[in-house]
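Asks: Using only what follows, build the 3D model:
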Amino acid sequence: MFTSLAIAALLVVQPAAQAPAPDVDAIAATTLEASGAPGVAVMRMTDGEIEIGTAGVRAQGDPALIGRDDLWHMGSNTKSMTATLIARLVEQGVVGWDDTIAQHLGEAVPDIHPAYRDLTFRHLLSHRAGLTPNVGMVAMFQFGEQGASGDPLPPQRVDYARRVLAAAPTVAPEAEYQYSNAGYVVAGAMIEAVTGESWETLIAREVFEPLGMTSAGFGPPGSADTVDQPRGHRGGLFGVQAIAPGPRADNPPVLGPAGTVHVSLSDLALYLQAHLDGARGEGDDYLSAQSWETLHTPTFDGNYAMGWGFNGTQLLHAGSNTMWFVQMVIEPATGRGYVVAFNDGRVNNLQGPTADAIRALAE
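Replies: Numbers count the residues shown, from 1 in each chain. Just a heads-up that it's a prediction; the model follows:
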């Protein structure tokens with residue numbers, strides 16, 4: 001039930017020969033047909049202007065159509081937002097990039113494995129801490145029950161950190177890359193320990209509010225009583241099924257720093273534009289040039305920075321909680337950005353149509 005699918009898809013999509021820019025609604029319609037998903041939205045950003053195209057329905061079997069202002073579950077795209085939050089706290093002197101796990105969690109988690117004690121935010125945010133990708137399924141179920149009951153989240157994140165930090169690394173820390181939701185939860189627990197505030201409060205204050213992301217929130221969007229927003233879908237014996245908002249419609253809230261944000265595409269564009277500006281040396285009103293460089297540059301050998309994959313020309317990431325799939329791409333050299341969002345978690349069906357859609361958006 002509580003499966004966390006962490007995806008950092010490095011789609012290398014180069015534009016075809018120059019041609020008139022395709023209509024975004026036409027691209028959405030073609031993408032929908034190719035994917036078999038219930039609904040899709042695509043976005044193209046060019047020189048600060050955005051175009052959003054939509055096709056399909058919010059929920060299988062319901063006539064409500066996808067709207068341009070609808071909310072989309074970001075999944076692991078949340079990771080770059082968490083890294084951006086930590087950059088803000090670094091600039092305020094609240095934490096430092098080289099603060100260690102033991103420094104901030106040593107008292108609350110006294111049995112940290114020695115291999116983790118001196119690892120830093122840099123290791124955790126670039127998936128170089130050697131941590132398991134996720135806590136075990138039994139623990140995930142327990143966290144799901146706690147999340148459904150509304151228990152406070154910072155103590156849950158300390159408990160999560162205790163469970164994953166007690167075990168030996170599954171790969172060599174720093175030397176080997178291993179994508180890990182657990183690493184982002186540990187980073188979230190660290191900043192909660194320092195500030196005494198929840199990750200949810202911090203990211204709203206330091207990321208959503210200053211960037212004008214008024215639609216941003218947490219967990220599955222919309223109401224369980226009416227199809228007022230897209231619903232996530234998963235495949236089954238009887239075809240694709242819509243999952244109404246509720247505990248079954250997302251991973252446990254404890255995973256917030258790794259992937260629970262929802263937001264409209266127009267507000268996501270504000271976030272992506274800030275990163276585009278920063279990567280182009282134009283965003284020092286929100287973060288310093290040094291912070292942008294830290295966020296966008298792989299710290300260790302490889303192609304993953306702080307919540308972003310990097311393929312040489314594009315910063316990109318994808319996210320899914322097994323019921324949604326969203327791919328985002330920004331190109332600092334061109335100042336352009338692209339997003340493809342599905343209310344469907346059947347990722348194997350979606351990756352090809354996603355690449356084709358980004359290629360079409362880039363033409």
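Asks: so what's residue 247 up against?
Replies: Neighbour list for residue 247: 144, 147, 148 [criterion: Cβ atoms under 8 Å, 6 or more residues apart in numbering]. Where you see a C-beta, it was placed from the backbone N, CA and C, and this is true even at glycine.
Asks: Got a PyMOL select line for the buried ones in the residues you listed?
Replies: This is the PyMOL syntax for the buried subset of those, where burial follows 16 or more other Cβ atoms under 10 Å:
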select buried, resi 144+147
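Asks: Now do the strands in the protein.
Replies: Listed in chain order, the strands of the chain (DSSP state E) span 39-46, 49-56, 71-73, 217-218, 232-234, 241-243, 261-264, 309-310, 315-319, 325-331, 336-342.
Asks: would you list the ones you listed in JSON lines and tack on mean neighbour count?
Replies: Formatted as JSON lines, the strands of the chain follow (neighbours: other Cβ atoms under 10 Å):
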{"stretch": "strand 39-46", "mean neighbour count": "25"}
{"stretch": "strand 49-56", "mean neighbour count": "20"}
{"stretch": "strand 71-73", "mean neighbour count": "27"}
{"stretch": "strand 217-218", "mean neighbour count": "17"}
{"stretch": "strand 232-234", "mean neighbour count": "24"}
{"stretch": "strand 241-243", "mean neighbour count": "19"}
{"stretch": "strand 261-264", "mean neighbour count": "25"}
{"stretch": "strand 309-310", "mean neighbour count": "18"}
{"stretch": "strand 315-319", "mean neighbour count": "25"}
{"stretch": "strand 325-331", "mean neighbour count": "26"}
{"stretch": "strand 336-342", "mean neighbour count": "27"}
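Asks: For the residue nearest the centre of the chain, which non-adjacent residue is spatially closest?
Replies: Centroid-nearest residue in the chain, with Cα atoms, centre = their mean: residue 77, separated by 1.7 Å. Nearest non-adjacent residue to residue 77, counting by Cβ to Cβ, 6 or more residues apart in numbering: residue 319, 4.0 Å away.
Asks: can I assume the one you found is in contact with residue 74?
Replies: Yes - counting by Cβ atoms under 8 Å, residue 319 does reach residue 74; the two are 5.2 Å apart.
Asks: anything in contact with each of these two?
Replies: Common neighbours of residue 319 and residue 74 (Cβ under 8 Å, 6+ apart) are 259, 326.
Asks: Which strands or helices does the helix or strand of the chain with the lowest mean pLDDT pack on?
Replies: Every helix and strand in the chain was compared by mean pLDDT, DSSP states H and E; the lowest is helix 137-149, with a mean of 91. If contacts are counted by 3 or more Cβ pairs under 8 Å, 6 or more residues apart in numbering; DSSP states H and E, helix 137-149 sits against helix 153-165.
Asks: what's the spacing between residue 155 and residue 198?
Replies: Counting by Cβ to Cβ, to the nearest Å, the separation of residue 155 from residue 198 is 10 Å.
Asks: For this protein, give me the ranges with low pLDDT.
Replies: For the chain, the stretches flagged by pLDDT under 70 are 1-22.
Asks: measure the residue nearest to the centre of the chain to residue 158 for me?
Replies: In terms of Cβ to Cβ, residue 77 sits 25 Å off from residue 158.
Asks: now residue 80
Replies: Distance, residue 80 to residue 158, by Cβ to Cβ: 24 Å.
Asks: These two - which one has more neighbours?
Replies: residue 80 (27 against 20; other Cβ atoms under 10 Å).
Asks: Go ahead and confirm that one touches residue 307.
Replies: Yes - here residue 80 reaches residue 307: they are 3.1 Å apart, a contact under Cβ under 8 Å.
Asks: Can you check which residues contact both of those two?
Replies: With Cβ under 8 Å, 6+ apart, residue 80 and residue 307 have common neighbours 295, 317.
Asks: Please name the residues that touch residue 304.
Replies: Residue 304 is in contact with 8, 126, 127, 177, 298, 310, counting by Cβ under 8 Å, 6+ apart.
Asks: ugh, wrong one, residue 353
Replies: Counted by Cβ under 8 Å, 6+ apart, residue 353 has contacts 31, 34, 35, 340.
Asks: ok, residue 155 and residue 198, which is more surrounded?
Replies: Remark: of residue 155 and residue 198, residue 198 carries more neighbours, 18 against 14, as counted by other Cβ under 10 Å.
Asks: The more buried one touches residue 204, doesn't it?
Replies: No - counting by Cβ under 8 Å, residue 198 stays clear of residue 204, with 9.4 Å between them.
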